[in-house]
Structures are given as C-alpha cells and as structure tokens.
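1. Just need the structure, nothing else, for what follows:
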Amino acid sequence: QEQLVESGGGLVEAGGSLQLSCTASGRPSATSSTYAMGWFRQAPGKEREFVAVISWSNGLTYYVPSVKGRFTISRGSGDDMMYLQMNDLRPEDTAMYYCAAAPRVSKEANAYNLWGQGTQVTVSS
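-> This is a model prediction of the structure:
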C-alpha cells in the first residue's frame, strides 16, 4: 500500500530553521505516476492551508505568499523523497504540516489523493 510519511518537525525559536521530509513508500517508484507533490498545514481551529507544491515532471514550484522567500520545496534525486526547507520561522508558522500527492499541480487540497499523517512544527516567540 502506497503511503507518505512526514518527518523533521519539532520545536524551534522564531527565526530558526527546520527541514521537513516526506518519504513515499509501498511500491517501487511510489511517486512515478505522481504529477505533483505538495505541503499543506493546519493550525488548531483553522482550515488546512496550502503551503507549496512542486511539479514532479519539470520542477516548477508555487508557494503561498506568506512563506515565499522563506520556504523552499524540493524533491530528492529519486522518486520517493520531497523536502520543505523552512527558514526564518515565525510563530504563525506553527501548525501540523502534511505532505500530499496529486495527479496534477494544484493549490487545492481536494486535488490531492494521497496524504501523510503530518508532522508538528511549533515556533516559539
């Protein structure tokens, strides 16, 4: 069964950095049929929010304006890893972060058909 697993979350002070990883597993080249992978986040009491997406075919990336210039989404050399480098973290970045896979590039959560369980990021002021 194909699945996505996030890691790398934790507690960091404002201004600090974290790198989140998303590992796809369950079948060979788990993401080979995936067109895009993205990161979303959800803070307590708020809706799930798009953070970033990367096209698996050409590497194009898109970000929510609030993280542009601070976060970088990237893929690994193989087909089964994706990363989110987060710099200059702010308390408002505190949330559960999820990776997800989709058959097309989208900023809409309902376009994604495979989700991880999430990793918590907490930024203290």
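2. give me the element the spatially most central residue of the chain is part of.
-> Nearest to the mean C-alpha position of the chain, counting by CA atoms, centre = their mean, stands residue 39 at 2.5 Å. Assigned by DSSP states H and E, residue 39 belongs to strand 36-42.
3. Give the pairing partners of that strand; include direction for each.
-> strand 49-55 (antiparallel), strand 95-102 (antiparallel) (DSSP bridges).
4. So what touches the longest one?
-> So that's strand 95-102. 4, 6, 9, 20, 22, 24, 31, 34-43, 46, 48-49, 51, 53, 82, 84, 109, 111-121 (CB atoms under 8 Å, 6 or more residues apart in numbering). C-beta coordinates here come from the backbone N, C-alpha and C atoms, glycine included.
5. In ChimeraX, select just the buried ones from these.
-> In ChimeraX, a selection of the buried entries from these looks like this (16 or more other CB atoms under 10 Å):
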select :4,6,9,20,22,24,31,34,36,37,38,39,40,41,49,51,53,82,84,109,111,112,114,115,116,118,119,121
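6. Give me the buried positions along the strand or helix carrying residue 11.
-> Residue 11 belongs to strand 10-13 when assigned by DSSP H and E. If you call a residue buried by 16+ other CB under 10 Å, then strand 10-13 has these buried ones: residue 12.
7. next one: stretch 89-99
-> For stretch 89-99, the neighbour count (16+ other CB under 10 Å) marks 89, 93, 94, 95, 96, 97, 98, 99 as buried.
8. Many thanks, I have nothing further to ask.
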